[in-house]
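Enquirer: I would like the atomic coordinates for the input below:
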Amino acid sequence: MLFHARHTLTALILSLLLAACSNDSPSQEATPAIVVDHGVIRVPPASPLRTRLKVQSVALHGLPHALSAPALVEADPAHTINVLAPLTGRIVELDVRLGDRVKRGQLLAVMASSDYAQAVTDQQKATDALALAKATLDRAEGVKQAGGAAQKDLDAARSAFIQARAEHDRTQARLDSITSETTHPGSAGHMTVVAPTDGSITALSAAQGAFVNDASAALMTITDLRHVWVTANVAENESAEITPGLSADIVLPSLPGRHVQGTVQSISDVLDADSRRVKARIAVSNADAALKVNMFATATFQVPQTKALLVPQSALLMNNDNVTVFVEVSPWAFRRRTVVLGADEGDQARILEGLQPGARVVVAGGVLIND
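Expert: As a prediction, the model looks like this:
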């Protein structure tokens, strides 16, 4: 047993000596991950950090900011037509009601007008007088050529023809001004009024049996509501940021979940004295007529700002009390640079000082070479 114990102790001592000898033997020196040379951090070719560092260039970006304003749906004047009665008269038939949708050429009303009847009569008389004057002139010219009429008779016939033609042209022009795209001649002094365009009757001031004594007053208004305006009331101090052509996103409380896109068509030159707001009119397509005139809305404009230099948040490192980034000065060589930050833009940081556009910075793995 003693021999066995001595043998075991000897084996243990030999193993310790071998381990000591192994630890004392020189080994191959490992490649450093980084090399610092006068403030420049270099990553050697064999460094494992080369697979973990990500470098990218920084650039200027134009960042829009949202500006919201209360708004109201309005009819587009470019798609609104007032239907006028060309003459005074009585409405004997009214075929539409307020809110009805009509098609181009659809019958709206029938009017009985003594003025229209007089215009038709005058034109018929003028046509007959012109035909008589023409026949008289032809006869006088024939007699003159045969030597059987005086010159004064021919001159009188020619003058009568010229006057008859002028009266005919006047009465025809008068009749043409009455009969237009919206009014067609009828029988017995009646005129028919038809729709000049597709749309909805958004205003109606006529009634069957009523007498129209003001030809300049609209019988009704037809509005094509497939095209509407959303008029935003922009605060005075923000109005300079809204310009024609700017896109707008519109939401309406009465249509939850629906966003409507539009483009600013015009900005009013007049400031409302009471609200201190400026009207910005946004053209909106309304093919399904879901937007109703006078609906409340909120318009949000994406207003462009001055371009800013942005870097990912992952590029920022703390060094004492300063925020720094690692800037590439040559391939796989970096120098620390202090930057001044502006407002955050999501996962990007706005750089106010310390970097120039085109600089290449470490955006991932920078913490691995941070002191």
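Enquirer: where does pLDDT dip in the stretch 251-371 of the chain?
Expert: Within the stretch 251-371 of the chain, the ranges that satisfy pLDDT under 70 run 371.
Enquirer: how far away from the center of its chain is stretch 120-136?
Expert: 57 Å (C-alpha atoms, centre = their mean, to the nearest Å).
Enquirer: buried residues of it, list them for me.
Expert: 120, 122-123, 126, 129-130, 133, 136 (16 or more other C-beta atoms under 10 Å). Every C-beta, even on glycine, is put in place using the N, C-alpha and C of the backbone.
Enquirer: tell me the phi and psi of residue 133?
Expert: Here is the backbone geometry of residue 133 (degrees, to the nearest 10): phi -60, psi -40.
Enquirer: next up, the contacts around it.
Expert: Each residue near residue 133 by C-beta atoms under 8 Å, 6 or more residues apart in numbering is listed here: 157, 160-161, 163-165.
Enquirer: okay, helices next: where are they in the stretch 51-200 of the chain?
Expert: 114-146, 151-178 (DSSP state H, counting those that start in this stretch).
Enquirer: got the angle for the shortest one vs helix 114-146?
Expert: Angle between the axes of helix 151-178 and helix 114-146 is 150 degrees (criterion: axes from the mean of the first three to the mean of the last three C-alpha atoms, to 10 degrees).
Enquirer: mind checking how far helix 151-178 is from the chain centre?
Expert: Centroid separation between helix 151-178 and its chain, computed with C-alpha atoms, centre = their mean, is 56 Å.
Enquirer: care to break this protein down by domain?
Expert: Residue ranges for each domain of the chain read 35-63+307-368, 68-78+224-303, 123-176, as given by automatic domain parsing.
Enquirer: which one of the ones you listed lies closest to residue 107?
Expert: domain 68-78+224-303 (18.6 Å; C-beta to C-beta).
Enquirer: roughly how far is the closest one from the heart of the chain?
Expert: Chain-centre distance of domain 68-78+224-303: 10 Å, with C-alpha atoms, centre = their mean.
Enquirer: now do stretch 219-239
Expert: Offset of stretch 219-239 from its chain centre (C-alpha atoms, centre = their mean): 13 Å.
Enquirer: begin at 160 from now on, thanks
Expert: Okay, residue one is now 160; in that scheme the one you just asked about reads as stretch 378-398.
Enquirer: any idea of the mean pLDDT in stretch 213-223?
Expert: Here stretch 213-223 scores 85 as its mean pLDDT.
Enquirer: is the most centrally placed residue in the chain bridged to anything, and to what?
Expert: Residue closest to the mean C-alpha point of the chain, counted by C-alpha atoms, centre = their mean, is residue 422 at 1.4 Å. On the basis of DSSP bridges, residue 422 is bridged to residue 406, residue 442.
Enquirer: quick one, longest strand in this protein?
Expert: strand 492-504 (DSSP state E).
Enquirer: surely residue 289 and residue 323 touch.
Expert: Yes: with contact defined as C-beta atoms under 8 Å, residue 289 counts as touching residue 323 (4.4 Å).
Enquirer: avg pLDDT for stretch 244-251?
Expert: 85.
Enquirer: may I see the buried residues of that stretch?
Expert: Buried residues in stretch 244-251 (16+ other C-beta under 10 Å): 244-246, 248, 250.
Enquirer: am I right that residue 429 falls within a strand?
Expert: No: counting by DSSP: H, G, I helix; E, B strand; the rest coil, residue 429 falls outside a strand, being coil.
Enquirer: what distance do you get for it to residue 401?
Expert: 15 Å (C-beta to C-beta, to the nearest Å).
Enquirer: quick one: mean pLDDT over stretch 257-270.
Expert: Throughout stretch 257-270, pLDDT has a mean value of 91.
Enquirer: how about residues contacting it?
Expert: Under C-beta under 8 Å, 6+ apart, the answer for stretch 257-270 is 242, 244, 246, 248-255, 345, 349-363, 365, 371, 378-379, 381.
Enquirer: rerun that using 6 Å as the cut-off
Expert: The contact list for stretch 257-270 (C-beta atoms under 6 Å, 6 or more residues apart in numbering) reads 248, 250-255, 349-354, 356-357, 359-360, 363.
Enquirer: strands along the stretch 410-530 of the chain, start to end?
Expert: 418-426, 436-444, 455-462, 467-471, 476-478, 481-489, 492-504, 507-512, 519-523 (DSSP state E, counting those that start in this stretch).
Enquirer: so how far is the longest one off the chain centroid?
Expert: In this case it means strand 492-504. 38 Å.
Enquirer: strand partners (parallel or antiparallel) of that strand?
Expert: For strand 492-504, pairing defined by DSSP bridges yields strand 199-201 (antiparallel), strand 481-489 (antiparallel), strand 507-512 (antiparallel).
Enquirer: re the thing from before, of the helices of the stretch 210-359 of the chain, which is nearest residue 513?
Expert: It is, among the helices of the stretch 210-359 of the chain and with distance given as C-beta to C-beta, helix 310-337, at 75.5 Å.
Enquirer: which of the residues in that closest one are buried?
Expert: 313, 316, 319-320, 323, 326-327, 330, 333-334, 337.
Enquirer: need the distance between the two termini of stretch 502-517.
Expert: One end of stretch 502-517 to the other measures 21 Å (C-alpha to C-alpha, to the nearest Å).
Enquirer: kind regards, and thank you for your time.
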